[in-house]
Structures are given as structure tokens and as C-alpha cells.
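> no FASTA, just this:
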């Protein structure tokens, strides 16, 4: 039997170790590849440039690289830890460092190669699927799945750099380490490092301090720069907290022996786990925090935009029908709008007379003149006007009125036979008409005055249509049909000059909820798409990390439970203990990640009036966290079942 | 008063009568009275640890019956056995079996914690036991910070904490040097004399065995012979060595 055969035989026996390691690396390649199919997608790159969405993709790219560094190093560490004693034995039996290096390099090159192949193949399949699902659900049909060479270079190169860095490091350590240590590496009990309750308290103080700092500075001028500082401080605080806070709590608990002893096993196992797994738990906590925070922010932005869109579009569909396009009767319109599944509930037609007034600096003010009867119908008011009285009506939300809120006591309009003067009765500011039509300034006069003005003043007559249907989300086709009918090419706008150099620009406008909604989806869809994508990657990755961690120590765990069993701990009690430990490993990072994300959300909403004034963000946060928690519970149950069957069946 | 009574214990690994099955124990009967200190000796593979595991309920016999304080443990379920072990039996293992995440004090308390005893009672018990074994100064240390002897004394204290009917010790000196072994064996001797404990010890260390009152020799899964201490420890030691020579086992631990 040659040495090569020995190595091959050992590899075959321990195939599970290799398989796990290979899978982890394949995952990294897969995640990278999936991300680069997104990042280097040509259509997405165009959207990126157009909508300056670079940051949306760059931050996740950096996060993904940092995460992969941790992940590969960790997976490699576990793999090497299992094999160290084997190498120790080889060295003891006379294997040279050269042989060891050769063996390790060969093995790892093979694994890297396989990982790349598996990762690219599975990444391609999942990415395709992902595009299909998400693009359709988000409504970004213009973006299609594609492959190009950049997409392949990026994951392969980054993976190879990170991977061989990890391999090089462990190779160096193995060759440097003394023989005895390698042999014993499996036996030495993991020592419990520094115990310092004070550091635990300091960690908590740092976290609270950084959140308060964020709360205070987020609305300020350098919010962006400060955010990085606070985030760094939170990270440090979290590390200290995770590793030391439990010892602070233990000190407290020990004050009450009755309490402490009854919960001794639970408390000490939390403490032990937290110390042993500080960095891994921290990584997972941060990942969960970022995922939840990021998706809350994006979903909230979308929701807020949607809300604003709804408030800016009081009617489902609104359009202005200019004079030249008056050839379409109400009956014709009805036939377009007629939809048995989505009938029109309300259709208000308001005749308008528009007049352009030249300002002193060469601009024009547009005044839309409406009768008081129509105004009353629109606003459900009961205003009465007499003679040359007028109502100044501003179609904006009162808080946005700004300097438009000017009081014109006397409105003078030049008629063909001299100026006509109206006196102000009242100014009314409220939003009743879809703002996207660009109609904001209205002059309300009595019916007879409007007729008079039409006859005496140069202007455009038009009809304002305001329509409500049962379900605005189903109006897409209707809106498209309307746009088609009023198309400017079919019915050209009035180009003759009326008044003073005024032509009928923007002749046909339609403002609908569905258009606003589509615009919103388009601008937020991209961000939403990327976030969902990364959330899923991070989510699986965090689960794999936790899972790896639980199962890398399984032999040690088995020995520990055997000890307990020997001194008379029942299977039920062992089960309970195992469940507790898994619960700790799974839910401490999840809950602390959520807690931190929550604090950050509270601090960041301070700028827009606090969380209580934005309940929809709170709602968003809880939905995202809730979904996260539910899936995490699923993972937890799966891991628990696996773990129990592994540990208990042996008895 | 009979504490332990084992009748015709047989243990076969693998399906009996099939090829490849191994008979580890071929019908062992053993009885122990309160306050007895007995060692089981024999060469490697003779079934020492198997008999101990069966007597203590960690393993189940293929046939035969084990009765401890009038209770047939062979008929108990796994969980009943575990409960019985922690309430009625004490264990000392070669590797100490201490939990790394607990301090010495907490390790000693563990069986009482599982029994949900009151804090005051536990404190008192730990204090008296740790003084008895001279480990009261290391109570707040962790297992990996104490010496082998201290670790084993911790394990002995833990075995005693629930006042068991019988203590089973599996190679308790196996990981210790001769000086420390002496300390541990003196501990056992002391608890037999002062606390009237009953101890069954499995060992291949003749020096450790010489502390007992009786040594049972087993070979190939059956009892070969036994000797009872009549004179002093030195004479008993020589007697054990002679017996082992007859048995054919090596006695490299002299």
C-alpha cells in the first residue's frame, strides 16, 4: 500500500467531512455567482446608472465579500480542526512538511475546483429561477436573465483569493505548530477565556450609546458619516456583550442561590456557548440585523411612496380632455371605461376654462376657471358666489402650499374689451384632484361668470374627468386604452398661438393611481429585488453557519451527554438540555439582531417624526422580522430534530 | 444487609449463536453487603468494564438479574434507570467526567441540582464534602484549572453527594500518577470506614486494589477466583500479584 493509497482510503472513510466542506465552498461560489448575474446584468446596469442605484448594489457586494471571507475561513477552520490530529500523526510517523503541504494543496485545489463547478451550475439554475420569480412579482419585466463573461470572472476570482488565503493561513499554522499540539488538538478542552462582567456592562453601554448617538445625529448634516461610526461602535459593543454580558448576569444570579442553582445548567450553558461562539454569533447577529434593517427601510420607502401616491391621486383615474379632443362623447368614454368586473363608481366631468397670465419675469401663471357648482360637487361644500366674487382654490396638501398661499384680493383678467376684476371671497387649500395633472391654481366663479369669461377672454376650454372605479389596481388596461385614444399623434394638440405666445403644451395628461403605483414599483423594485436576493442569501448563510457550528462539535457534544447520562441524567432531561442549547444558538443572534435593527429603525425614523407617527414602518419592521422569525423557527426545528436523532440514537 | 445482588449475568455482543457474536460475560454472580469495598480485577478484555456497566445500569445484560437494594434494575426503562442511578448510585470514572462549563462546586452539586434540592442543603453538603476531601479551596475553579487528583476528588465528592447505596468506580486511578492514586484510594478507604459506604471498584492497578477488602478476579467473562484481605495491605498486595500471575494477566502497574 503506498502512501497515496493510505491518504485516499482515509479520505473515503471521512468522506462526510470533505463533503460538508465542499458544500460550504460551493455555497459561497453559488451566492457570488447569483449576485453577479444580478450585478452585471446589462439591463440592470442601465437602470443603475439612470436611477443612481449604484449604492443599492455596492453595499451588498461589499457585505457579501466580507461575509464570504468569514464564512470560508470558518468552514476551513472546522475542516482543518478535524484533520489536525491526523496531520500530527502523519508528522510523527515521519511525513515531511513538504509532503503535508503537497497533500493539503492537492486536496484543497481539488475541492476548490469542484466547488467552482458545482457553485456555478447550481448558481445558474437558482439565479434563473430567482429572476423568474422575483422579476415577475416585482413587475420589472424589462429585465431578463442573461449570462456574460464578467459574471463568471467575478465569483471565481474572488472565491479563489479568499479560499487560498484561508488555506495558506492554516498551512502556515500547521507547519509552525509543534507536533504535540497537533496531536492533542482534539483533546484539549476549549478553555474559557477572560471573564469580566465589567466588560459586559461596557458592551451594553456602548450599544445603548451608539443607538442614542444615531438617534441624535441621524437628522443632522453628516448623518451618513456618523452612521458608519455608530455602526462600528454597535459592533464592538455587541462583541463585548455577547462574550461578557452573561458573566455579568451570572454574577447577579449568584446573589440568589435558590434562583441560580435551579437554572444552573441553562445559565452556564448559555454562558459557555456565548463565549465559545462569540464571533460566529456576532456575525450571524449582524447579518440578521442588516437584513432586517435594510428590508424594513426599503419596504417602508415603498410604502411611504405608495401612500403619498394615493394621497396625491384622490381619484383612480383623472385626465384633462382638451377642446380638440372633445369629439369623444361621454358615451364613447363610458364604453372604454365600461368593465363589468371593475365598474365605474363615480365619474365627475368638470368643464374648465384655462387662462395663462404672463408674470413680470416672463413666466406664465396658469389659472383654471371652474364654476362654483362644480366646485361644490367636487369638494362637497356649499359655497355661494355672487356677481364678481371669486374663490381662490389651491389643489395642494395644506402643508405643501408654501408660497403659493398668496392672497390675491383682486384678480384682474384682461378681457377683449378691457380688464375684468373679481374680488376674493375666500381662499381654500386642499387636495381634491390628482396632482400629477399639474392643475393647482383654480379660480372659482359663478356659472354665468364662466360663460362671460369664455366669451371675453382668450383661453382654452377643456373638460376635467375624475373617475373612481371599484378596484384601481385593475385599471391598467383602461388607462392604456385612454392614452391610446387621446394620443397626440392621432389628435394633434392645438398649436395656434392664443393669448401671448401660448400654445397648448402637454395637451393630454392622464393621472392615475395605477401609473403612480407602477412608477413606485419601478424605482423601488430594483432595491427591493436586490434586498430580497441578499436577504435570502444571508438567511441561508446564517443558517448554514449555525448548523455547521452545531454539527462540527457533535462528537464533543456526544461525549458530554454520555457523561451526563452516566451520572444519571434521564434521556428526557438530556433532550431538554440539547433543545435549550440549540435554542440559544439559534435565537440569541436572531433576537439580538432584531432588537438592534429595531433600535436603529426607531433612531432613523426620528428624522421623519418618530416611530409612533409612522406606524406603517413599525408594521413593516414587525412583518419582516415576523417572516424571518417564522423561517428561523423552521430551521431551528429541522436542526433540532437532526441533532436529537444524532445524539440520542447512540445510546 | 445485601446492597447488590447479581445473578448469572450473561452479556453477548451481536446476535447470540450467530457467527461473529462475542460472549463478554458468561454467567457472573456477585453479592455485596453494606460497607463492603470490593475490587474486580482481570486482564484486558476480560469483561471488567462490561460487568461494571451492567451492575450500574448503564448497559443491559443479555440475561441474568441485577438487584440493588431490593430493586431489580434489569426491568427498569432507560429513564427509570437514569433516575435510579442518580438517586441510588454514585459514579467515579477514569476520565472524571466533569463538565467543563461548571465550576468544581457546581459539578459536585449537579446530582442534587437534578433532584431539585434546596440551595441551603446543597451548600451545606458541598461544604462538608469538600472539607472532607480537602478541595474546599478550589470550589470556584473550573475543571481544566485543577490537577488530576483534585479533579478525581471532585468526582468522588459528586458520587457521594446524594448519599448513594453503592459507589461504582471504573479505573479511578487510571489517569493519575502513583502519588495521586494513593490520595484517591485513601479517600475511598476513608469513606468506607467513616461513612460506611459500599464501593465496587474495577481496576488493573494492583496498588489500588490492595486498599479493598476483597478482590474478585475475572477472566474471559467468568469469575476465576477471589481473595479476601486478612492481614495488612502489603501482604494483600503480594497476594493479589500472585493471583494475577496465576491468572496470566500482566501486572505492569506494580
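Great, that's in hand. Values in this document were obtained by computation on a predicted structure and should not be read as measured data. Numbers count the residues shown, from 1 in each chain, chains lettered A, B, ... in the order given.

> tell me the residues of the stretch 451-600 of chain A that contact chain B?
A:560, A:563, A:564, A:565, A:566, A:567, A:568, A:569, A:570, A:571, A:572, A:573 (Cβ under 8 Å from any Cβ of the partner chain). (Glycine included, C-beta is placed from N, CA and C.)

> mark which of those are buried, thanks.
A:560, A:563, A:564, A:565, A:566, A:567, A:568, A:569, A:570, A:571, A:573 (16 or more other Cβ atoms under 10 Å in any protein chain shown).

> would you confirm that the third one contacts residue A:574?
Yes: using Cβ atoms under 8 Å, residue A:564 is in contact with residue A:574, at 6.1 Å.

> among the residues of the stretch 451-600 of chain A next to chain B, which are in helices?
The helices, defined by DSSP state H, take in A:560, A:563, A:564, A:565, A:566, A:571, A:572, A:573 from those.

> so which of those comes closest to chain B?
Nearest to chain B among these, counting by Cβ to the nearest Cβ, is residue A:563 at 4.1 Å.

> just give the nearest non-adjacent residue to that closest one, would you?
residue B:97 (4.1 Å; Cβ to Cβ, 6 or more residues apart in numbering or on different chains).

> so the one you found, which of the three states?
Secondary structure, DSSP: H, G, I helix; E, B strand; the rest coil: residue B:97 is coil.

> and it, how far from residue B:140?
20 Å (Cβ to Cβ, to the nearest Å).

> please apply the same query to residue A:456.
Going from residue A:456 to residue B:140 by Cβ to Cβ gives 101 Å.

> which one of the two is surrounded by more residues?
For residue A:456 versus residue B:140, neighbours defined as other Cβ atoms under 10 Å in any protein chain shown are more numerous around residue A:456 (15 against 10).

> from chain B, how far out is the more buried one?
95 Å (Cβ to the nearest Cβ, to the nearest Å).

> what's the answer for residue A:273, then?
Taking Cβ to the nearest Cβ, one finds residue A:273 at 9 Å from chain B.

> before we move on, which element is the residue lying closest to residue A:273 once chain neighbours are set aside in?
Once flanking residues are discounted, residue A:273 sits nearest to residue A:584: 5.4 Å by Cβ to Cβ, 6+ apart. Element membership of residue A:584, judged by DSSP states H and E, is helix A:571-605.

> ok now that helix, how far from the chain's centre?
22 Å (Cα atoms, centre = their mean, to the nearest Å).

> which other helices and strands contact that helix?
helix A:197-217, helix A:223-240, helix A:264-276, helix A:278-312, helix A:513-552, helix A:554-566, helix A:615-648, helix B:78-88 (3 or more Cβ pairs under 8 Å, 6 or more residues apart in numbering or on different chains; DSSP states H and E).

> residue of chain A with the smallest distance to chain B?
Closest to chain B within chain A is residue A:568: 2.7 Å, counting by Cβ to the nearest Cβ.

> so who does that residue touch?
B:82, B:83, B:84, B:85, B:86, B:87, B:89, B:91, B:111, B:114 (Cβ atoms under 8 Å, 6 or more residues apart in numbering or on different chains).

> ok, residue A:577 touching residue A:265?
Yes: taking contacts as Cβ under 8 Å, residue A:577 lies within contact range of residue A:265: 6.3 Å.

> looking at these two, which has the bigger crowd around it?
residue A:265 (23 against 19).

> and the closest residue to chain A within chain B, what does it touch?
Among the residues of chain B, residue B:86 lies closest to chain A, at 2.7 Å counting by Cβ to the nearest Cβ. Contact analysis of residue B:86 by Cβ under 8 Å, 6+ apart lists A:567, A:568, A:569, B:111, B:114, B:115, B:162.

> quick check, nearest of those to residue B:194?
Ranked by distance to residue B:194 (Cβ to Cβ), the contacts of residue B:86 are led by residue B:162 at 17.5 Å.

> give me every residue in chain A lying close to chain B.
A:189-192, A:257-258, A:260-262, A:264-265, A:268-269, A:271-272, A:560, A:563-573, A:651.

> and residue B:53, what does it touch?
Per Cβ under 8 Å, 6+ apart, neighbours of residue B:53: residue B:59.

> for the helix or strand where it lies, the averaged confidence score.
If you go by DSSP H and E, residue B:53 is part of helix B:48-55. For helix B:48-55, mean pLDDT rounds to 88.

> moving C-terminal of it, what's the next helix or strand?
Following helix B:48-55 toward the C-terminus (DSSP H and E): strand B:63-68.

> now the helices and strands packed on helix A:571-605 in CSV, with distance to residue A:392 and mean pLDDT?
Formatted as CSV, these follow (distance: least, Cβ to Cβ, whole Å; pLDDT from 0 to 100):
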stretch, distance to residue A:392, mean pLDDT
helix A:197-217, 42, 89
helix A:223-240, 39, 83
helix A:264-276, 67, 79
helix A:278-312, 21, 80
helix A:513-552, 27, 76
helix A:554-566, 78, 77
helix A:615-648, 34, 86
helix B:78-88, 85, 84
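
> closest to residue A:157 out of those helices?
Using Cβ to Cβ, the nearest of these to residue A:157 is helix A:513-552, at 18.8 Å.

> which helices and strands sit right next to that closest one?
helix A:15-39, helix A:42-50, helix A:54-92, helix A:97-138, helix A:278-312, helix A:476-485, helix A:571-605, helix A:615-648.

> state which helix of chain B is the longest.
helix B:178-195.

> list the buried residues for it?
B:180, B:181, B:182, B:183, B:184, B:185, B:187, B:188, B:189, B:191, B:192.

> still on that earlier bit, now the helix holding residue A:584 against helix A:554-566, angle please.
With axes from the mean of the first three to the mean of the last three Cα atoms, to 10 degrees as the basis, helix A:571-605 and helix A:554-566 are set at 130 degrees to each other.
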